[in-house]
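In: I need the structure of the sequence given here:
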Amino acid sequence: SGFQNPLRSELRNKATAMGAMYHDDWTDKCTHLISAFPNTPKFTQVQKAGNGFIVNKQWILDCYDQNRLLPEKSYTFSQAPETKKRKLKDEGEFSEKTPAKKKSISKKELNIGEIPDFFHDKHFYVSYGDYDDNTLLDITRVILAYDGILDRQITSDVMYVITNRMWNQDFEKISKSNPDINFVNLDWLQDCHDTNQFVPLQSYLIVP
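Out: Numbers count the residues shown, from 1 in each chain. Below is the predicted model of the structure:
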């Protein structure tokens, strides 16, 4: 919002290149508004709705340059404190392909300043083929809300892989090159969100 070409096109192209979906207008499916300044009509609309992140253009540029999703906290409009308030609103449930238990994600309203950062400096990877688009969106929201880092590929920095698969040869191979990595099911992420804290992994680990 508030950008002119060619910068507008550059931001859109870089966002879509990373897998984002672009919408001309704000809808229930939107999660982020990239705004040039804090008094555009769309800025006010999203601020009142309270169900999305409002960030400056540098968030897109840094995510693109670093090839990973970065927490939004450093890219909000500090001159407009109200923009830091949002609802951690997740529509629907985390869905899984396997017959594991399903729990609705808590629909709780939190101010940015009140959200704990127990995922700070922790790198995550999501097994994208395991989940539908809505579920992936929910997973992304939860990880970033608690200051986690979502990598687009498995690197030596990744400590947690969210997946609904059973242990397999791929996991075995990855574990040999990265002994500290943990493969966990979606219930762990849900329970971290529900309890608002980092939950011990033991009961959620996917092991041979």
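In: quick check: Gln153 vs Val199, distance?
Out: Going from Gln153 to Val199 by Cβ to Cβ, to the nearest Å gives 26 Å. The C-beta positions use only the backbone N, C-alpha and C, and glycine is treated the same way.
In: what about those two, which has more around it?
Out: Using other Cβ atoms under 10 Å as the criterion, Gln153 and Val199 rank with Val199 on top: 19 against 8.
In: what is the longest helix along the chain packed up against?
Out: Longest helix in the chain by number of residues (criterion: DSSP state H): helix 133-145. When contacts are defined as 3 or more Cβ pairs under 8 Å, 6 or more residues apart in numbering; DSSP states H and E, helix 133-145 packs onto strand 85-88, strand 123-126, strand 149-151, helix 186-195.
In: I'd like the mean pLDDT over that helix, please.
Out: The average pLDDT for helix 133-145 rounds to 84.
In: what of stretch 50-62?
Out: The model assigns stretch 50-62 a mean pLDDT of 85.
In: coming back round to it: would you format the helices and strands packed on helix 133-145 as CSV with mean pLDDT included?
Out: Shown next, in CSV, are the helices and strands packed on helix 133-145 (pLDDT from 0 to 100):
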stretch, mean pLDDT
strand 85-88, 38
strand 123-126, 93
strand 149-151, 90
helix 186-195, 90
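In: which stretch among these comes nearest Asn164?
Out: In terms of Cβ to Cβ, the element of the helices and strands packed on helix 133-145 nearest to Asn164 is helix 186-195, at 6.3 Å.
In: now the closest one and helix 133-145, what's the angle there?
Out: Put simply, helix 186-195 runs at 50 degrees to helix 133-145, going by axes from the mean of the first three to the mean of the last three Cα atoms, to 10 degrees.
In: tell me how far helix 186-195 lies from the chain's centre.
Out: 14 Å (Cα atoms, centre = their mean, to the nearest Å).
In: all strands of this protein, in order?
Out: In the chain, the strands defined using DSSP state E lie at 32-34, 53-55, 68-69, 85-88, 108-111, 123-126, 149-151, 158-162, 182-184.
In: now render these as CSV, adding mean neighbour count and distance to Asn5.
Out: Shown next, in CSV, are these (neighbours: other Cβ atoms under 10 Å; distance: least, Cβ to Cβ, whole Å):
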stretch, mean neighbour count, distance to Asn5
strand 32-34, 19, 14
strand 53-55, 23, 20
strand 68-69, 20, 25
strand 85-88, 18, 29
strand 108-111, 13, 35
strand 123-126, 22, 33
strand 149-151, 20, 29
strand 158-162, 21, 37
strand 182-184, 20, 43
